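Student: need coordinates for the below:
(chains A and B)
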There are 2 protein chains.
Amino acid sequence: MTTEQHDRQDKRNGGYEGWLRYTHIEDAYKREAYSVRCSQLQIMGESPVIHTARTELAAALDTMLGAKPREMNGTGGESFGIIGGTIDSFTRCEARIPEDCHLDELGEDGYVIQAEETGPIWLFAASDNGVLYAVYHLLRLLQTDQPIGKLSIRETPVNGLRMLDHWDNMDGTIERGYAGNSIFFRDNRIVADRDRIRDYARLLASVGINAVAINNVNVHREETKLITEPLLPDVAKVADVFGAYGIRLYLSVNFASPIEIGGLDTADPLHPDVSAWWRAKAKDIYRYVPTFGGYVVKADSEFRPGPFTYGRNHADGANMLADALAPFGGHVIWRCFVYNCLQDWRDRSTDRARAAYDHFKPLDGQFRDNVLLQIKNGPMDFQVREPVSPLFGGLSRTNQLLELQITQEYTGQQRHLCYLVPQWKEALDFDTFARGEGSTVASAASGALFGTKLGGMAAVSNVGDDSCWTGHPLAQANLFGFARLAWNPALGAEEIAAEWTAMTFGADPEAQRVITDMLLDSLTIYESYTAPLGVGWMVNPGHHYGPNVDGYEYSKWGTYHFADCNGIGVDRTVRSGTGYTGQYALPQYERYESLEQCPDELLLFFHHVPYTHKLKSGKTVIQHIYDTRFEGTERAAMLVTRWDSIKRSIDAEIYRLVRERLVQQAEHAKEWRDVLNTYFCRKSGIADELGRTIY
Amino acid sequence: MTTEQHDRQDKRNGGYEGWLRYTHIEDAYKREAYSVRCSQLQIMGESPVIHTARTELAAALDTMLGAKPREMNGTGGESFGIIGGTIDSFTRCEARIPEDCHLDELGEDGYVIQAEETGPIWLFAASDNGVLYAVYHLLRLLQTDQPIGKLSIRETPVNGLRMLDHWDNMDGTIERGYAGNSIFFRDNRIVADRDRIRDYARLLASVGINAVAINNVNVHREETKLITEPLLPDVAKVADVFGAYGIRLYLSVNFASPIEIGGLDTADPLHPDVSAWWRAKAKDIYRYVPTFGGYVVKADSEFRPGPFTYGRNHADGANMLADALAPFGGHVIWRCFVYNCLQDWRDRSTDRARAAYDHFKPLDGQFRDNVLLQIKNGPMDFQVREPVSPLFGGLSRTNQLLELQITQEYTGQQRHLCYLVPQWKEALDFDTFARGEGSTVASAASGALFGTKLGGMAAVSNVGDDSCWTGHPLAQANLFGFARLAWNPALGAEEIAAEWTAMTFGADPEAQRVITDMLLDSLTIYESYTAPLGVGWMVNPGHHYGPNVDGYEYSKWGTYHFADCNGIGVDRTVRSGTGYTGQYALPQYERYESLEQCPDELLLFFHHVPYTHKLKSGKTVIQHIYDTRFEGTERAAMLVTRWDSIKRSIDAEIYRLVRERLVQQAEHAKEWRDVLNTYFCRKSGIADELGRTIY
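Tutor: The predicted structure is shown next:
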């Protein structure tokens, strides 16, 4: 092997290829069947994205089928092959388009894959991106062993914006990163070698991601300079890498930029010098990066500057930036994660859960139409279990973006297995009842519910320069899963898990079943040994790893559980608590307000109850805590056994990497179990009914 | 004013001069009375220390009396003046020595100050250091307004070694430092400008300190190199600065030095290459630093390397180093702070309090006579309240050094006022009964109790490059107080406080009284709002500032309180607990073992009791916790008022600095009060009898 081949082999072994391994199809019969249809191809057009589509398709077929496909020139006369392009390009070359495709109804990034028993496989799309997505779709069929004899596929993404946010700092660190250092930055510079960025863009494009923000929403001194001319040429290079994969680049910006890099003495959004500065800045940026997506802004949150400093509101702040970007087609993505992070723990009337709604609901309808409000799935901060943010449904005249967290800050930090798609599905499927039954979060976020112009889903990436990208090889499933949901929130968690497993681990059905099941079980396992019944936190402050029941109980962060010797939980009812439940529409308000109706898994989020309160399961709260922690720990230990059972089907390096983490998880689950059980046993004085060891 | 005068003025204002301000005596009558006796002087001898004594005396008298004293030449014929020197120097110049001075019985650093109504003031000493100490003693009399008409003073230090340990790192940081950065190191080099070190040496010498270790006992990579030839010339320069003040320089060394800087592949103390390496190393060091004091060693403790790695014990390790230093008169100071810092919190049989005794008692008598075991006052780690380490009294054939902590790691970090001398006094006066009644810790440490050859007291300094040296200006009293106690452990806490106050703040009797009282109250105030009844910790992990009741409860550090809904405390009895009480001799063992006899303030250190347990005060434990926290917080607030009452007598800058900290303390005391009260109220379910606000 050459060194290059060696490197590639190394990368493959370590999980570097992710779900795009394109392994050689060993079954000669299957390979032959695919080869008949795929041995020649023609992808029309000349743009970078089309070039990517063509190259990717050719290389993938070469690897999977063992022969380089031939490039065709004609369009229509052939009896087989793959022919793809935008509708325009087909029209230009006067090619025949099957009539029943209804191409005129395809959305911007949609595509059609059409094939009869004989003849070519057609890939039609409205845009270059659509062609690229169609290519990846076709390849996915081959990767997952699907028949391609007769195809009639029609896909349109539900969400316009399908975005990944990176919390990368220019020194190379990643805030809440658990997979190594940044692939974008090192030593306060943008990396010169962009191969890794290209490989990342390829993974993202293959599942339809069309936007990335590459720097941390906490924009520190160095990162503030990303929109200045010394750095913009390098930003442009990164934008070009992503651009060839149909992905637009965004930057997180510092609201105080006019002061910090602009030489002004104010960042007041209503000051004419400030808006002029941002207008000029937009011009600069688009001169270097014509495809620039826009800004992501965390303002007036966790010590970041914002319009509040000047007595302005968030609409004032966002609209000023939006006006500056509008001439160039840019967006402002404005985060709703705004709350008082200097709360006095003694103050029982303030409720952090209320904050986003209280801040932004009154501003509904006041934002420009190139502003999107980015709203976390829950009202707190990416806990393993939270209710859905009532801003969904609450805002009806504002573009929205659902924000999820792929990086596992509170869900095991990629040392614990935690497949998050079921959690996200719950959020997406949640019915806000804002316009009657069926007013799901998914439809609010996409814009369909209220007919808002822009919408979509964004998530904090879990990727770093780790060999397998995500620290835990199985955590790739979360990156994949988010993207698939962003494309189509109606996909099922199991369907996504199975698809990812097949693409990543190949054809062995036993291994596929075991891995898929492990993924699907993992969230409930993780939840069952960590903070119980939706109460959240109970983690070590700062890094957020490992159990610490009172870790945030007397802090300024507004994240309390109020456990005493009698009971636990936060009363967020209108009747006797903080009134947070009132932010939901009926009947969700009534459901959460009522102790009887409130679902068990969110009980302590909404109610303060005695340890002896009976859950719907018939167990008391305290016994539930004990039982689930014991069971969860056993189930965590079983994950190791389950993984070991498919050892022979798994690449040795991946097997080792995953096993190491599963063993660590099993051990750490015991620590969670014992700390929580001991804490609550000491506090409640109530013994475990089964007399198991509590310290 | 010249710039230099300005600097000096600035320094004075900020507390830089400490207790050596030598302010001009305004009262003309007093000044005249002193001047009559002190207007000429002769200090015999030529060594650097004698030179220091002469210069210091002349400069101080000049400042205080407003006239430079005249240098004399004769010795005996004069009718007034100050005549000082070693006995040898008096003998050499055939001077008359008063017969009743019994100079032959003066210990190494002792001195006699002798004066009749008329005639000279005589300063006699056995050593140059003694002369210097006599000079500072005489000056202290003037500073504190004492009559000097007739003097018959005879002082001999009780402890041979009176030492300060610095936990300074070469990057300039100080572990557990609360007064700025290191005065010795910056950017991984020894500082070039040694003026500040000289000023520090002067402060120390004035109160009899004769040894310093300048680098952290946690010897990291850079500090390991301090004993290598590139750095030794700079070490020598620092040693010379201290040497001129009679202070010997020690270094903390890395037990793994033979590997890390010696190129060996072992640090096994019994390996001949290792002992040869250390012998050669000693030679190197003494070539550069002939007055080198020796090594301070933290081995096999908190992840530091040590002899355990090689299956050797601490005597093997210490003796090997001691043999290498012996030819040069060097000491090995070997710390007994050795315990399992990876304890499983679930393991109730291991007791960190037992560790030092369990490790070192079996080795008693096996150490070389140039080894001193450095033993912390308590068995844990410098908590506001601990019993005395049972190693005192436990070791009878080993040189000992009592280790105290001046830097306020667990006692308010120099943001809270906490005069520690009363705590140290309790430890020193504690009767171990090792050789019957009166077997005090003070006598064990000095060597008097068992007739061990070396002994003394060491303490972790609270000094940094802060303008007043100690962050909190009143924290200087702890530095001063430690040194005074190291000289004479029989001095009283009040006596020392009054002396320091008079020297530092001058003659206003009202201010003296207020400050002395504030100092004397401060320890009980601090104790009353922090961890109760001797249980310790309850601080935030890592930095150790501020309340966090469960902060270390589920950690690996062995520092637990075991609070549950019924009670709190650690059962360390022989009868039913960890057996720690058995490390004490009778009757202390019985006293601690017995729930009835155990003193309230240590109750939770030795016993686990219900919250309803009645203290000797008649209060229940829980009510005591509430009451003391409420009272302590009120008393903390009163410190501000008391300080304000003497505003007019205090230098404006010092007034401001102290006030700022007192206000911060009062605020922070509330946080302590509320977190602890809330924690215990929630946990016990028992309400405050007085119905005060608990959150």
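Student: near residue A:96, how many other residues are there?
Tutor: 11 (other C-beta atoms under 10 Å in any protein chain shown). Every C-beta, even on glycine, is put in place using the N, C-alpha and C of the backbone.
Student: does it lie in a helix or a strand, and which?
Tutor: Residue A:96 is part of no helix or strand, with elements assigned from DSSP states H and E.
Student: where does it land on pLDDT?
Tutor: As predicted, residue A:96 sits at a pLDDT of 70.
Student: same question, residue A:125
Tutor: So, for residue A:125, pLDDT stands at 94.
Student: how many other residues sit next to it?
Tutor: Other residues close to residue A:125 by other C-beta under 10 Å number 29.
Student: helix or strand: which one has the residue minimising distance to the centre of chain A?
Tutor: Closest residue to the average C-alpha location of chain A: residue A:459 at 3.2 Å, with C-alpha atoms, centre = their mean. Under the criterion of DSSP H and E, residue A:459 resides in strand A:455-460.
Student: before we move on, back to that, quick check: the residue nearest to the centre of chain A touching residue A:404?
Tutor: Yes - between residue A:459 and residue A:404 there is a contact under C-beta atoms under 8 Å: 4.1 Å.
Student: common neighbours of these two, please.
Tutor: Taking C-beta atoms under 8 Å, 6 or more residues apart in numbering or on different chains as the criterion, residue A:459 and residue A:404 both touch residue A:482.
Student: hmm, back to that, tell me the pLDDT of the residue nearest to the centre of chain A.
Tutor: Reported pLDDT for residue A:459: 98.
Student: again, but for residue A:525
Tutor: pLDDT, residue A:525: 98.
Student: just give the nearest non-adjacent residue to the residue in the stretch 501-650 of chain A positioned nearest to chain B, would you?
Tutor: Nearest to chain B, among the residues of the stretch 501-650 of chain A, is residue A:564, at 3.5 Å (C-beta to the nearest C-beta). Distance criterion C-beta to C-beta, 6 or more residues apart in numbering or on different chains; nearest residue to residue A:564, sequence neighbours excluded, is residue B:682 at 3.5 Å.
Student: what does residue A:499 give?
Tutor: residue A:144 (6.3 Å).
Student: spit out the contact partners of that neighbour.
Tutor: Neighbouring residues of residue A:144 by C-beta under 8 Å, 6+ apart: A:499, A:502, A:503.
Student: could I get those residues in JSON lines, plus columns for neighbour count?
Tutor: Formatted as JSON lines, these follow (neighbours: other C-beta atoms under 10 Å in any protein chain shown):
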{"residue": "A:499", "neighbour count": "23"}
{"residue": "A:502", "neighbour count": "22"}
{"residue": "A:503", "neighbour count": "22"}
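Student: quick check: helices, which of those are part of them?
Tutor: Among those, DSSP state H puts A:499, A:502, A:503 in helices.
Student: can you list the residues of the stretch 301-450 of chain A near chain B?
Tutor: Residues of the stretch 301-450 of chain A that fall close to chain B, judged by C-beta under 8 Å from any C-beta of the partner chain: A:345, A:346, A:348.
Student: now the buried members of the residues you listed.
Tutor: residue A:345 (16 or more other C-beta atoms under 10 Å in any protein chain shown).
Student: closest to chain B among the residues of the stretch 301-450 of chain A next to chain B?
Tutor: The closest of these, once distances to chain B are taken by C-beta to the nearest C-beta, is residue A:346, at 4.4 Å.
Student: quick check, residue A:404 in a strand?
Tutor: Yes - assessed by DSSP: H, G, I helix; E, B strand; the rest coil, residue A:404 belongs to a strand.
Student: how about stretch A:181-189: buried residues?
Tutor: So, applying 16+ other C-beta under 10 Å, buried residues of stretch A:181-189: A:181, A:182, A:183, A:184, A:185, A:186.
Student: reformat the residues you listed as TSV; add distance to residue A:83 and pLDDT.
Tutor: Below are these laid out as TSV (distance: C-beta to C-beta, whole Å; pLDDT from 0 to 100):
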residue	distance to residue A:83	pLDDT
A:181	43	98
A:182	40	98
A:183	35	98
A:184	37	98
A:185	41	98
A:186	43	97
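Student: which ones among the residues you listed are found in strands?
Tutor: Under the assignment DSSP state E, the buried residues of stretch A:181-189 contribute A:185, A:186 to strands.
Student: which one of the buried residues of stretch A:181-189 is nearest to residue A:155?
Tutor: Ranked by distance to residue A:155 (C-beta to C-beta), these are led by residue A:183 at 28.6 Å.
Student: surely that closest one touches residue A:464?
Tutor: Yes - here residue A:183 reaches residue A:464: they are 6.8 Å apart, a contact under C-beta under 8 Å.
Student: quick one: which helix or strand includes the residue nearest to residue A:564?
Tutor: Assigned by DSSP H and E, residue B:682 belongs to helix B:652-684.
Student: reformat the buried residues of stretch A:181-189 as JSON lines; add distance to residue B:237.
Tutor: Converted to JSON lines, the buried residues of stretch A:181-189 look like this (distance: C-beta to C-beta, whole Å):
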{"residue": "A:181", "distance to residue B:237": "42"}
{"residue": "A:182", "distance to residue B:237": "44"}
{"residue": "A:183", "distance to residue B:237": "49"}
{"residue": "A:184", "distance to residue B:237": "48"}
{"residue": "A:185", "distance to residue B:237": "43"}
{"residue": "A:186", "distance to residue B:237": "40"}
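Student: show me what from chain A comes close to chain B.
Tutor: A:345-346, A:348, A:547-550, A:554, A:562-566, A:674-675, A:678-679, A:681-685, A:695.
Student: which non-adjacent residue is nearest residue A:251?
Tutor: Residue A:251's closest residue in space is residue A:226 (C-beta to C-beta, 6+ apart), at 5.4 Å.
Student: hang on, the one you found in a helix?
Tutor: Yes - under three-state DSSP, residue A:226 falls within a helix.
Student: the nearest residue to residue A:330 once chain neighbours are set aside and chain B, how far apart?
Tutor: With sequence-adjacent residues excluded and distances taken as C-beta to C-beta, 6+ apart, residue A:330 is closest to residue A:294, at 3.8 Å. Going from residue A:294 to chain B by C-beta to the nearest C-beta, to the nearest Å gives 40 Å.
Student: doesn't residue A:325 make contact with residue A:294?
Tutor: Yes - using C-beta under 8 Å, residue A:294 is in contact with residue A:325, at 5.4 Å.
Student: shared neighbours of those two, which are they?
Tutor: A:331, A:332, A:370.
Student: would you map the helices across the stretch 551-695 of chain A?
Tutor: Per DSSP state H, counting those that start in this stretch, the stretch 551-695 of chain A carries helices over the ranges A:588-593, A:603-606, A:621-644, A:652-684.
Student: got a pLDDT number for the closest residue to residue A:525 other than its chain neighbours?
Tutor: The shortest distance from residue A:525 to any non-neighbouring residue, by C-beta to C-beta, 6+ apart, is to residue A:635 (4.7 Å). Residue A:635 carries a pLDDT value of 98.
Student: burial count for residue A:635?
Tutor: 20.
Student: now do residue A:682
Tutor: 20.
Student: what do you get for residue A:362?
Tutor: 12.
Student: follow-up on the earlier one: reformat the helices of the stretch 551-695 of chain A as CSV; add distance to residue B:338.
Tutor: Output for those, formatted as CSV (distance: least, C-beta to C-beta, whole Å):
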stretch, distance to residue B:338
helix A:588-593, 55
helix A:603-606, 44
helix A:621-644, 34
helix A:652-684, 26
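Student: tell me which of these is the most buried.
Tutor: Highest mean neighbour count of the helices of the stretch 551-695 of chain A: helix A:603-606, a mean of 26 (counted as mean count of other C-beta atoms under 10 Å in any protein chain shown).
Student: nice, that's everything, thank you.
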